[in-house]
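Student: what follows is a protein structure lacking sequence information:
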Ligand SMILES: Nc1ncnc2c1ncn2[C@@H]1O[C@H](COP(=O)(O)OP(=O)(O)OP(=O)(O)O)[C@@H](O)[C@H]1O
């Protein structure tokens, strides 16, 4: 896989370190065999006493320590490399998701994304922590052993040279299959995670429609598919281990047989040479065999890497940001939309070049029928979607020139379903604060948003756990919590997606009053569903099928635009103005 290979070459120093360490390991293996064989030769054949071999024993212990140390250091470098690569890929994926958070949260299954971000990136680990260090080791250790074998007894060298290639051949055959199967396994895991999370999130809907059991079967099938894909990989892994073991055993066996014949029958070599080569032969085959096993892991990592690079290659236009500051002074910034457009994807909804002026303290309403593009336009103004073709200008400078944080510091977006994070109510309100907020600030914000009484009625008041970790909140309570965030933040621009569902009169009154209060210091842009909001706006952008059909005050639009009149009449239950 090119991306993994390219990534490896970015770690030149790590690789150089591994090369040097592998060379040291190879020398220690040969010296270890030399000392061991010399000690045995001297003690058993030449009747040497302990004092004769003491320095040999010290040498043996020293090379053993060096061998252990260099192998350990080699592995550490591999682990460090893997950790860096994983961090880089996770950062790239997060940057990709954060570059266009809205589209990424809407497109594709969340479970799949989590599986890619966590499992697939983790599965890339063994390429760097196992495969690359072993590849480097294998390119040095067997060569040095082979060279030594040729200098001692050429026949052993030839046997090693002829049998060794069978190991890479088996590796290649197995590796081809493994990569494809690993890609399949990643795909099955992603599908399983996606389906599982999707089902969990939609469990209530499924139960209401009596589809829970059917979905149960689908999850079961998905998990069986994943199990089968994993078993396939394990099957290949076991077969390859068996084959590698067999070749290594045969190789060592042939070397041993040849050495025995030369030593006992022909007496052409000494005991020292025969024993020395017999100790080195398993080291030679073991290193090759280990490459075989790690090659299998490396190929699995390549399957995972493919998944990650595919996710990174998905074409979603990021929202562009610059490095200009946007100082929060007393006056909200002036906003201009200049032919700003957006489209969700090929053959999907298109918001066509919108041109509008939103002056400081303006009360702008976006109106239109369901599906006309109101929320899309609000997201465009919020900087959550990238402006295509035209541009959005803030205080005379394109939005893309400002820092992302500088812009979002100015905004409060009260959506129809604000996200309630898993934590306490106080934590959830504090999210809104640009600076550290005291408990008194939080309580004041809750008071202004009309939710203080409800919070105080709870057992742990502001410390009550909400979101996934705690109790649920009604739609109206969630919006009031979002309002409290806005009161704490004191934004200069408020984006408000008015609830379409009927709220009780009290909540509706609180929402209207709170927005009015916030609007004293801010520009308010509302996706308006209520006639009351539309009528009180300074300017209305009336959208039809993604196009700005007309703009003006309510009176002007009623007088001049028939489709607007129809919409108003429909909202009034058929009564005309
Ligand atoms: N992520 C998406 N991918 C593709 N199309 C989308 C996506 N989100 C929305 N749309 C489509 O874009 C169009 C405009 O959607 P939008 O939510 O802006 O409409 P709206 O006017 O706010 O509707 P409503 O009043 O019902 O909330 C719709 O046809 C919708 O199906």
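Tutor: Looks like it came in fine. The model shown is predicted, which means the values in this text are computed figures rather than measured ones.

Student: list phi and psi for residue 300.
Tutor: Backbone torsions of residue 300, given as degrees, to the nearest 10, read phi -60, psi -40.

Student: give me the spatial nearest neighbour of it, chain neighbours excluded.
Tutor: residue 182 (4.1 Å; CB to CB, 6 or more residues apart in numbering). For the C-beta atoms, the positions are set from N, CA and C on the backbone; glycine is no exception.

Student: quick check, pLDDT for the one you found.
Tutor: For residue 182, the pLDDT comes out at 77.

Student: quick one: contacts for it?
Tutor: Listed by CB atoms under 8 Å, 6 or more residues apart in numbering, the contact set of residue 182 reads 123, 233, 299-304.

Student: which positions in the host helix or strand of it come out as buried?
Tutor: Using DSSP states H and E, the element containing residue 182 is helix 166-201. For helix 166-201, a neighbour-count test (16 or more other CB atoms under 10 Å) marks 166-167, 170-171, 174-175, 177-179, 181-199 as buried.

Student: most centrally placed residue in the protein?
Tutor: Computing the C-alpha centroid of the chain and ranking residues by CA atoms, centre = their mean puts residue 117 first, at 2.7 Å.

Student: where in the stretch 251-400 of the chain is pLDDT low?
Tutor: Along the stretch 251-400 of the chain, the parts satisfying pLDDT under 70 run over 315-316, 328-330.

Student: next one: the stretch 101-250 of the chain
Tutor: Low-confidence segments of the stretch 101-250 of the chain (pLDDT under 70): 103-109.

Student: now the residue nearest to the centre of the chain, nearest residue through space, not along the chain?
Tutor: residue 93 (5.4 Å).

Student: residue contacts, the one you found?
Tutor: Residue 93 touches 116-117, 121, 308, 311-312, counting by CB under 8 Å, 6+ apart.

Student: what subset of these is buried?
Tutor: Listed as buried from these are 116-117, 121, 308, 311; burial here means 16+ other CB under 10 Å.

Student: from those, which is closest to the ligand?
Tutor: residue 311 (17.5 Å; CB to the nearest ligand atom).

Student: so what's the backbone phi/psi at the closest one?
Tutor: According to degrees, to the nearest 10, residue 311 has phi -60, psi -40.

Student: for the residue lying closest to residue 443 once chain neighbours are set aside, give its distance to the ligand.
Tutor: Among residues not flanking residue 443 along the chain, residue 452 sits closest, at 6.5 Å (CB to CB, 6+ apart). Distance of residue 452 to the ligand, computed by CB to the nearest ligand atom, to the nearest Å: 30 Å.

Student: so residue 452 sits against residue 446, correct?
Tutor: Yes - with contact defined as CB atoms under 8 Å, residue 452 and residue 446 form a contacting pair (4.3 Å).

Student: more neighbours: which of the two?
Tutor: A direct count of neighbours by other CB atoms under 10 Å for residue 452 and residue 446 places residue 446 higher, at 27 against 19.

Student: how is that one assigned, secondary-structure-wise?
Tutor: helix (DSSP: H, G, I helix; E, B strand; the rest coil).

Student: and it, what's its pLDDT?
Tutor: So residue 446 comes in at 88 (pLDDT).

Student: the one 10 residues further on too?
Tutor: pLDDT, the model's per-residue confidence, is 88 for residue 456.

Student: next, count neighbours for it.
Tutor: Neighbours of residue 456 (other CB under 10 Å): 12.

Student: can you pull the phi and psi angles for it?
Tutor: phi -70, psi -20.

Student: which residues touch the one helix or strand residue 440 maps to?
Tutor: Taking DSSP H and E as the criterion, the element that holds residue 440 is helix 439-448. The contact list for helix 439-448, computed with CB under 8 Å, 6+ apart, reads 425-426, 429-430, 432-433, 437, 452, 455, 462, 483-485, 487-488, 514, 517.

Student: quick one: which of these sit in helices?
Tutor: 425-426, 429-430, 452, 455, 483-485, 487-488, 514, 517 (DSSP state H).

Student: can you lay out the residues you listed as JSON lines showing distance to residue 319?
Tutor: Below are those laid out as JSON lines (distance: CB to CB, whole Å):
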{"residue": "425", "distance to residue 319": "31"}
{"residue": "426", "distance to residue 319": "31"}
{"residue": "429", "distance to residue 319": "26"}
{"residue": "430", "distance to residue 319": "25"}
{"residue": "452", "distance to residue 319": "35"}
{"residue": "455", "distance to residue 319": "34"}
{"residue": "483", "distance to residue 319": "25"}
{"residue": "484", "distance to residue 319": "27"}
{"residue": "485", "distance to residue 319": "22"}
{"residue": "487", "distance to residue 319": "27"}
{"residue": "488", "distance to residue 319": "25"}
{"residue": "514", "distance to residue 319": "28"}
{"residue": "517", "distance to residue 319": "30"}
